[in-house]
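1. Just the structure for this:
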Amino acid sequence: MNNNLDMPQCEDEIWARSVVERWRKMGIKLNPPATLKEIIEIEAELNFSFPNSFKELYKLANGFRDWDFTNELMSISPLSKILKDYKEDEDEDFIPFCDHSINLFWIGFLKSESGVFLSSYTVEPLALTYKEAIELINTGDRRLFEN
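-> Here you go, the predicted model:
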């Protein structure tokens with residue numbers, strides 16, 4: 001009998017697995033997975049629903065461990081840091097999930113707009129989707145550093 005429990009179940013899960021594999025190949029230290037319950041609790045505290053791709057990724061790796069970062073000094077935050085940074089910021093619309101050079105600038109969601117934004121003061125989204133934003137982060141795309 002074939003056990004398919006380890007087989008990806010949806011497009012977002014397949015994508016998330018490929019991202020985590022890429023990060024591992026880059027030598028990035030990852031936190032253990034978040035549970036769906038933890039994700040839902042953070043969503044309730046933020047009064048915001050993360051996209052499914054975000055949830056699938058965090059169910060495999062709850063951000064980077066110990067402030068680890070990509071070659072371009074981008075760090076994906078664990079859920080606890082997302083909540084902490086959100087609560088410490090005066091902008092109640094911006095939910096940061098990635099930072100550059102330990103808080104030089106953030107990448108995140110706006111509650112009031114769809115897409116992903118480079119800090120809360122930008123008018124145009126950096127990316128239309130979370131998946132696109134992660135690809136920009138992973139490749140060190142120049143658009144991350146233009147503002």
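2. Just say helix, strand or coil for residue 84.
-> With DSSP: H, G, I helix; E, B strand; the rest coil as the basis, the three-state label of residue 84 is helix.
3. residues near it, how many?
-> Close neighbours of residue 84, defined as other CB atoms under 10 Å, add up to 13. (Each C-beta comes from the backbone N, C-alpha and C, glycine too.)
4. Contact partners for it?
-> Not one residue lies near residue 84 by CB atoms under 8 Å, 6 or more residues apart in numbering.
5. element containing residue 114, please.
-> Element membership for residue 114 (DSSP states H and E) is strand 113-118.
6. I'd say residue 89 and residue 99 touch.
-> No: shown here, residue 89 and residue 99 do not form a contact pair, counting by CB atoms under 8 Å, at 11.7 Å.
7. So between those two, which is more surrounded?
-> Taking neighbours as other CB under 10 Å, residue 89 and residue 99 compare with residue 99 leading, 22 against 15.
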